[in-house]
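Enquirer: this is a predicted model, with the sequence first.
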Amino acid sequence: MNTQSVILLVEDNEDDVFFMQRAFQQAGVHNPLQVVRNGEEAIDYLSGQHDFSDRERHPLPDLVFLDLKMPGVNGFEVLRWMREQRLHIPVAVLTSSPEEIDRERASQLGADCYLLKPPTREMVLDCIKRFDLSYA
């Protein structure tokens, strides 16, 4: 059985996925990182529907890194859906928006922390330690 915490990255920008993977590597975090490309896929993943119904391949995450600005279902809508479903999974918003209104809205919808892109190794380690997740 895998004791490492599973992390879900919800990010539509391929460059930002690369930067996040690099930050994980620089931080020495080798946890399973599941990546979905938009809000619809995030909801499918979290609810175990469609392509994500196999929980062996797509286990519920212990932490979600969530982009806010995505086409279609955005990060705010994913946050709202998660809270409506009473999914108690920590969410770290990862965004390029320094706007206080976005920070406040994310917080009201249940985001646990708000990080500005690009991610750094320190951001990754702080989040993992903040939520007391196992990593290796």
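Expert: Structure received. Note that the coordinates shown come from a computational prediction; the quantities given were computed from them, not determined experimentally.

Enquirer: which SS state does the spatially most central residue of the chain fall under?
Expert: Using C-alpha atoms, centre = their mean, the residue of the chain that lies closest to the mean C-alpha position is residue 65, 1.9 Å off. Using DSSP: H, G, I helix; E, B strand; the rest coil, the structure places residue 65 in strand.

Enquirer: wait, residue 69 sits on residue 96?
Expert: Yes. The pair formed by residue 69 and residue 96 meets the contact definition of C-beta atoms under 8 Å, at 7.1 Å. Using the backbone N, CA and C atoms, a C-beta is placed for each residue, glycine as well.

Enquirer: longest helix in the chain, by number of residues?
Expert: helix 14-27 (DSSP state H).

Enquirer: tell me the strands beside the following helix or strand past it, with direction?
Expert: Using DSSP states H and E, the helix or strand that follows helix 14-27 in sequence is strand 33-36. Sheet neighbours of strand 33-36, with direction, are listed as strand 7-10 (parallel) (DSSP bridges).

Enquirer: what's the burial count for residue 14?
Expert: Close neighbours of residue 14, defined as other C-beta atoms under 10 Å, add up to 10.

Enquirer: cool, residue 49 as well?
Expert: 10.

Enquirer: now do the contacts for it.
Expert: residue 43 (C-beta atoms under 8 Å, 6 or more residues apart in numbering).

Enquirer: let's go with 6 Å and repeat that
Expert: Applying C-beta atoms under 6 Å, 6 or more residues apart in numbering, we find residue 49 in contact with no residue.

Enquirer: which stretches of the protein have low pLDDT?
Expert: Applying pLDDT under 70 to the chain picks out residues 1-3, 136.

Enquirer: residue 51 belongs to a helix, doesn't it?
Expert: Yes. The assignment for residue 51 is a helix, going by three-state DSSP.
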